[in-house]
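Asks: Next comes the sequence, and after it the predicted model I'd like to discuss.
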Amino acid sequence: MRQFSRKIIDWQKHQGRNNLPWQRKSAYEVWISEVMLQQTQVTTVIPYYEKFIKTFPEIKILAQSSEEQVMSLWSGLGYYSRARNIHRTAKIILSKFKGEFPKDFKSLVELPGIGSSTAGAIMSLAFELPGVILDGNVKRVIVRFKGISNPIDSSKTQKELKSFAEELLPKNSFREYSQGIMDLGSMLCRPKNPVCGNCPISKNCKALELGIQEDIPFKKPPKAKKEREIDWLLISSKNKILLKRNGSKGIWKNLWLFPDKDILGKNNISLLEKKEALPKIIHNLSHQKLNISTVKYKIENKDRLKIDSSHSVWVSKEDSVKMGMPKPIKEIIANYL
Ligand code: SF4
């Protein structure tokens, strides 16, 4: 086992990624990057991460900001519960732990949005303590190295992976090892066309020995996604557009959206001048496929619309970027206003 970790640590030093903006940083920065990296690629995360840390350089500043400010910086990154949990956790760390991250696994996994892999990342990458990371890249390396051909998403395989990951941990250099196994999964042991010829652990890799490295991890076929139709109204008046805050349930809770016909009502719609139907957008979420239709409307005098002003707002294009909005809304505003 020691050989496995030693080879990965040596390889990481010379060939791994050593210039990511969150490397060798505080627990706060490691935590933000790890949460952003759940479900999102490194290249997409970097600009979001840099802007987030610039706006909230310390956990205290984050905890004392409004949820609206946090959501606006998360706009477009998706999986918005991550941002809400970050905000909640920042408040807990400030009030319960005096602004310092706890260093033990049990306290970390009790915080909102911190699962065992994120806790393992904070422990190993920030505190240089033994911590197990089991993100998608690490799971793929272990599945192939051990030649596990059962479905990766079964609870049996998940338990097996956890126990292998613990077994493979080194006795020291936890930061380099964790970074190394993630880098190996991302750079060499890629989902398609793994570069086994350059891999430091190829000698003992079971999948390579059996020639099944391209066939595993095996996943159960995904269930068909539910489709949902969405019809938005992009209403402008002079240089302002109408946005409506979404309710506290569903995929985009509390984010700002365009109103739909049901919300606006027939009387209001009869006052609008129809301009054009925008190209349809298909937006894929992990469990749903959204077919989004948007029609542009105009009204000269916005005060003629009877709207619930506690949940609606007229904003300029420039001010809208400071609001928490999902990606399709951001794109429509950027492309069609
Ligand atoms: S030898 Fe190939 S399949 Fe095995 S761990 Fe290395 S890159 Fe992955």
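Replies: Good, I have the coordinates.

Asks: quick one, helices of the stretch 151-300 of the chain?
Replies: Remark: helices assigned in the stretch 151-300 of the chain by DSSP state H, counting those that start in this stretch are 155-168, 174-187, 206-210, 261-264, 266-269.

Asks: residue contacts, F4?
Replies: F145, L168, I201, N204 (Cβ atoms under 8 Å, 6 or more residues apart in numbering). In this view, the C-beta of every residue, glycine as well, is placed from N, C-alpha and C.

Asks: Keep only those of these that are in strands.
Replies: Per DSSP state E, strands hold no members of those.

Asks: List buried residues within those residues.
Replies: F145, L168, I201 (16 or more other Cβ atoms under 10 Å).

Asks: Contacting the ligand as well, which ones from those?
Replies: F145, I201 (Cβ under 6 Å from any ligand atom).

Asks: could the contacts of F4 go into CSV alongside pLDDT?
Replies: Formatted as CSV, the contacts of F4 follow (pLDDT from 0 to 100):
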residue, pLDDT
F145, 97
L168, 95
I201, 97
N204, 96
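
Asks: still on that earlier bit, out of the buried ones among the contacts of F4, which one sits closest to Q12?
Replies: Nearest to Q12 among the buried ones among the contacts of F4: I201, at 11.9 Å, using Cβ to Cβ.

Asks: any idea how far the residue lying closest to the closest one once chain neighbours are set aside is from D135?
Replies: Nearest residue to I201, sequence neighbours excluded (Cβ to Cβ, 6 or more residues apart in numbering): K7, at 5.5 Å. From K7 over to D135 the distance is 20 Å, taken as Cβ to Cβ, to the nearest Å.

Asks: hang on, the earlier thing: max pairwise distance over the contacts of F4: which two?
Replies: Within the contacts of F4, L168 and N204 form the most distant pair, 11.3 Å apart (Cβ to Cβ).

Asks: Pick out the residue of the stretch 1-150 of the chain closest to the ligand.
Replies: Residue nearest to the ligand within the stretch 1-150 of the chain (Cβ to the nearest ligand atom): R144, separated by 3.9 Å.

Asks: Pull the contacting residues for the residue lying closest to that residue once chain neighbours are set aside.
Replies: Excluding its sequence neighbours, the residue lying closest to R144 (Cβ to Cβ, 6+ apart) is A207, at 3.8 Å. By Cβ under 8 Å, 6+ apart, the contact set of A207 is V143, R144, F145, G147, Q213, I216.

Asks: now the buried ones among the contacts of F4 as TSV including distance to T43?
Replies: Putting the buried ones among the contacts of F4 into TSV (distance: Cβ to Cβ, whole Å) gives the following:
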residue	distance to T43
F145	26
L168	28
I201	26
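
Asks: Which one of the buried ones among the contacts of F4 is nearest to T294?
Replies: For those, the nearest to T294 is F145 (47.9 Å; Cβ to Cβ).

Asks: was I right about that closest one contacting N204?
Replies: Yes. Using Cβ atoms under 8 Å, F145 is in contact with N204, at 7.2 Å.

Asks: tell me which element the closest residue to E176 other than its chain neighbours falls in.
Replies: Distances taken as Cβ to Cβ, 6+ apart place I9 nearest to E176, at 4.7 Å, with adjacent residues excluded. Take DSSP states H and E as the rule and I9 turns out to sit in helix 2-15.

Asks: residue contacts, the residue nearest to K13 when sequence neighbours are not counted?
Replies: Of all residues not flanking K13 in the chain, E176 sits nearest, at 6.8 Å (Cβ to Cβ, 6+ apart). Counting by Cβ under 8 Å, 6+ apart, E176 makes contact with I9, Q12, K13.

Asks: what sits against the first one?
Replies: If I follow you right, that is I9. Applying Cβ under 8 Å, 6+ apart, the residues contacting I9 are P170, S173, E176, Y177, G180.

Asks: Could you tell me how many residues sit around the fourth one?
Replies: In terms of burial, Y177 registers 24 neighbours under the definition other Cβ atoms under 10 Å.

Asks: Distance of the nearest residue to K296 once chain neighbours are set aside relative to V132?
Replies: Leaving aside its sequence neighbours, K296 sits nearest to K275 (Cβ to Cβ, 6+ apart; 4.2 Å). According to Cβ to Cβ, K275 and V132 sit 55 Å apart.

Asks: With neighbour numbers in mind, choose between the two.
Replies: V132 (25 against 14).

Asks: how about the more buried one, secondary structure?
Replies: Here V132 is coil, with the state taken from DSSP: H, G, I helix; E, B strand; the rest coil.

Asks: my read: it touches K162, true?
Replies: Yes. Counting by Cβ under 8 Å, V132 touches K162, with 7.1 Å between them.

Asks: which residues do the two both contact?
Replies: The contact sets of V132 and K162 overlap at S116 (Cβ under 8 Å, 6+ apart).

Asks: Report the contact partners of the residue nearest to K296.
Replies: Shown in contact with K275 (Cβ under 8 Å, 6+ apart): V295, K296, Y297, K298.
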